[in-house]
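Chemist: Sequence and predicted structure below; questions after.
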Amino acid sequence: MEPGSPQPAPPGRAAAPRRGRLRASPGGGGFVATAQREQWSGRLGFVLAAIGSAVGLGNMWRFSYLAAENGGAAFMILYVFMTLGIGMPILLAEMVIGRGARRGPIGALAHFGGRSWQPLGWLFVAAGFLILAYYSVIAGLTLRYALHGLLQGFEGDAAAQFDQVSTGVSAVSWHLGFMAITVGIVMGGVKAGIERTALVVMPLLFVIVAGLALYAATLDGAGPGYAYYLSADFSKLLDPRVLTDAAGQAFFSLSLGMGAILTYSSYLDRSHHLPNESATIAFADFGVAFVAGLVVFPLIFALGLEAEVGDSTVGALFITLPHAFESMGGAGRVVGVLFFAALVVGALTSAISLLEVVVATAIDSFGWSRPRAALVLGVATAALGIWPALDLDVLGRMDYVAGNLFLVGGGLALAVFVGWIMDDPIGEVETGAPGVPWFALWRLLLRAVAPLVLAVVLYYSLAGLVSA
Ligand code: PHE
């Protein structure tokens, strides 16, 4: 376990009191105390790890697919509003709570809101657990496609191949393998595990995605591909499903509403300029999602596979694209391996942040050592993931419930918490960022705009669940 440098209490503010416990953790992981909390080594490490959490399967595929299905540029406008107007303020809210309390979601909510807010923290931890269980199944598939592509190339009959590997023993095995890697990294700790991984793999991901977009621009299908992706159909804006999709996607993509960014921020010192860092994270997340769309659609259109898109999100990712890579011969193999490698990287750094929420909670609340927490909770999550690995319908339902209900509901609760319950959120955010002119606007968005919009979204999401 990383000892972490003790953090001096900021002027005029005593170190946050722990809820009555300072004790040796039974697993031998040393004392569990706020003063010894692990720390990022600096701004770059934190920002890259947070971008790593945000950028994942959601960006590389789900976003462009939803955009194309839901009115292209029209969806994009709604999505940008959701990201800037609702997502970013809540991202900043999570950062403020985490850094201020210096503990995971349960302790942090209790710190600023009292014990009655603890159950919300438990809900966050449950959401992390649930999302990681199925996320790891899809991530395992990306790992399988990357390695098979590298060693054997992509299969001609991609649909039959997908049927074989997407459920059953194969899916379970790759899921377990992916979970093992995730657990190994989280065991390494904040600096040596999470931060080091992000520092190495995230720049790689940026380079791969940008390189693939440049390559895709040279393909014959580039023009029609871009048109399919971006042409605006404004009539879609009136469809409530498009609103719920845009909101759910914004929350999922920014890793909001379940304490992931909150937990990462609990390892920050008070010198950080949180508004700037939240903006960097949100723009990087949107940027990768947007550019990934510029990769995917030219590829599909270059090979005339557009009719294959549209059946199911996951299916199209693992059928249409591998089919395209196979048809393109040698170049397709290189492009395909790079594409799936970027997916693996994105998924891994996101999975790490999901597991970290649960692990940090066990360390904070039960005094477990990090290795013990990562191992026990990683095994429990892996076990739950066997269910969606055996049944894709279960996976789809878990994704809907987690993304559209848990995350949006969690975001709503966080907006209310920081907007109305927390004592001095502006004072808290001003630490490290004095004199930013739009803090009053931030508070207004949290108090009024976000709760209203999210309540509407939640209503339609629940209605969608009932009618499904
Ligand atoms: N943001 C990740 C993605 O886009 C998924 C995620 C959701 C990670 C919630 C952490 C918390 O793939």
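Modeler: On my side now, so go ahead. Numbers count the residues shown, from 1 in each chain.
Chemist: Output the longest helix belonging to the chain.
Modeler: As assigned by DSSP state H, the longest helix anywhere in the chain is helix 329-366.
Chemist: Go through that helix and flag the buried ones.
Modeler: For helix 329-366, the neighbour count (16 or more other C-beta atoms under 10 Å) marks 332-333, 335-365 as buried. The C-beta positions use only the backbone N, C-alpha and C, and glycine is treated the same way.
Chemist: What of stretch 52-64?
Modeler: So for stretch 52-64, counting by 16+ other C-beta under 10 Å, buried means 52-64.
Chemist: Then stretch 152-167?
Modeler: 153-155, 158-159, 161-162, 165-167.
Chemist: same thing with stretch 170-183?
Modeler: Buried positions in stretch 170-183, judged by neighbour count with 16+ other C-beta under 10 Å: 171-172, 174-179, 181-183.
Chemist: Pull the distance from that stretch to the chain's centre.
Modeler: In this view, stretch 170-183 has its centroid 18 Å away from the chain centroid, taken as C-alpha atoms, centre = their mean, to the nearest Å.
Chemist: Is there any residue in it that contacts the ligand?
Modeler: No: figure legend: stretch 170-183 not in contact with the ligand (C-beta under 6 Å from any ligand atom); closest approach 11.8 Å.
Chemist: Could you tell me how many residues sit around the closest residue to the ligand within the stretch 151-300 of the chain?
Modeler: Proximity of the stretch 151-300 of the chain to the ligand (C-beta to the nearest ligand atom) peaks at Ser255, 3.6 Å away. Neighbour count of Ser255, defined by other C-beta atoms under 10 Å: 31.
Chemist: sec struct for it, please.
Modeler: What DSSP: H, G, I helix; E, B strand; the rest coil gives for Ser255 is coil.
Chemist: Kindly state the pLDDT recorded for it?
Modeler: At Ser255, the pLDDT value in this model is 97.
Chemist: Would you check that it makes contact with Ser350?
Modeler: Yes: using C-beta atoms under 8 Å, Ser255 makes contact with Ser350 at a distance of 7.0 Å.
Chemist: Now for the two: what residues contact both?
Modeler: Taking C-beta atoms under 8 Å, 6 or more residues apart in numbering as the criterion, Ser255 and Ser350 both touch 53-54.
Chemist: so does stretch 71-90 get close to the ligand?
Modeler: No: residues of stretch 71-90 are not located near the ligand by C-beta under 6 Å from any ligand atom, the shortest gap being 11.1 Å.
Chemist: Need the pLDDT of whichever residue of the stretch 301-450 of the chain sits closest to the ligand.
Modeler: Nearest to the ligand in the stretch 301-450 of the chain, going by C-beta to the nearest ligand atom, is Ser350, at a distance of 4.0 Å. Model confidence at Ser350, given as pLDDT, is 98.
Chemist: sorry, back to before: now, the buried residues of stretch 152-167 that are in helices?
Modeler: If you go by DSSP H, the buried residues of stretch 152-167 have 158-159, 161-162, 165 in helices.
Chemist: give me every residue that touches the closest residue to Phe206 other than its chain neighbours.
Modeler: Leaving aside its sequence neighbours, Phe206 sits nearest to Val288 (C-beta to C-beta, 6 or more residues apart in numbering; 7.4 Å). By C-beta under 8 Å, 6+ apart, the contact list for Val288 reads 55, 59-60, 205-206, 209, 346.
Chemist: so which of these comes closest to Gly42?
Modeler: Using C-beta to C-beta, Phe206 comes nearest to Gly42 of the contacts of Val288, at 19.0 Å.
Chemist: mind checking how far the closest one is from Phe252?
Modeler: Using C-beta to C-beta, to the nearest Å, Phe206 is found at 20 Å from Phe252.
Chemist: quick one: which of these two has more around it?
Modeler: A side-by-side neighbour count of Phe206 and Phe252, using other C-beta under 10 Å, places Phe252 first with 28 against 19.
Chemist: Mind pulling up the pLDDT for the more buried one?
Modeler: Looking at Phe252, its pLDDT stands at 94.
Chemist: circling back to that earlier point, among the buried residues of stretch 152-167, which two are most distant?
Modeler: Gly153 and Thr167 (22.9 Å).
Chemist: List phi and psi for Arg102.
Modeler: With angles defined as degrees, to the nearest 10, Arg102 sits at phi 60, psi 40.
Chemist: Make sure it is actually in contact with Arg37.
Modeler: Yes: between Arg102 and Arg37 there is a contact at 5.5 Å, judged by C-beta under 8 Å.
Chemist: Tell me which of these two has more neighbours.
Modeler: Neighbour totals were compared for Arg102 and Arg37, and Arg102 leads with 24 against 21 (other C-beta under 10 Å).
Chemist: I'd like the distance between the more buried one and the ligand.
Modeler: If you measure Arg102 against the ligand using C-beta to the nearest ligand atom, to the nearest Å, the figure is 20 Å.
Chemist: now swap in Ala49 and tell me
Modeler: 12 Å.
Chemist: Just the element for that residue, please.
Modeler: Assigned by DSSP states H and E, Ala49 belongs to helix 43-54.
Chemist: Now that helix: buried residues?
Modeler: 45-54.
Chemist: What residues sit buried inside the helix or strand in which Thr197 is found?
Modeler: When secondary structure is defined by DSSP H and E, Thr197 falls within helix 196-217. Within helix 196-217, the residues scored as buried using 16+ other C-beta under 10 Å are 196-198, 201-202, 205-206, 208-209, 212-213, 215-216.
Chemist: Also stretch 114-123?
Modeler: Buried residues in stretch 114-123 (16+ other C-beta under 10 Å): 117-118, 120-121, 123.
Chemist: Looking at the residues you listed, spot the one nearest the ligand.
Modeler: Looking across these and measuring by C-beta to the nearest ligand atom, the closest to the ligand is Leu123, at 13.6 Å.
Chemist: Check what pLDDT that closest one gets.
Modeler: On the pLDDT scale, Leu123 is placed at 96.
Chemist: That one contacts Leu412, correct?
Modeler: No: contact status for Leu123 versus Leu412: not in contact, 11.8 Å apart, counting by C-beta under 8 Å.
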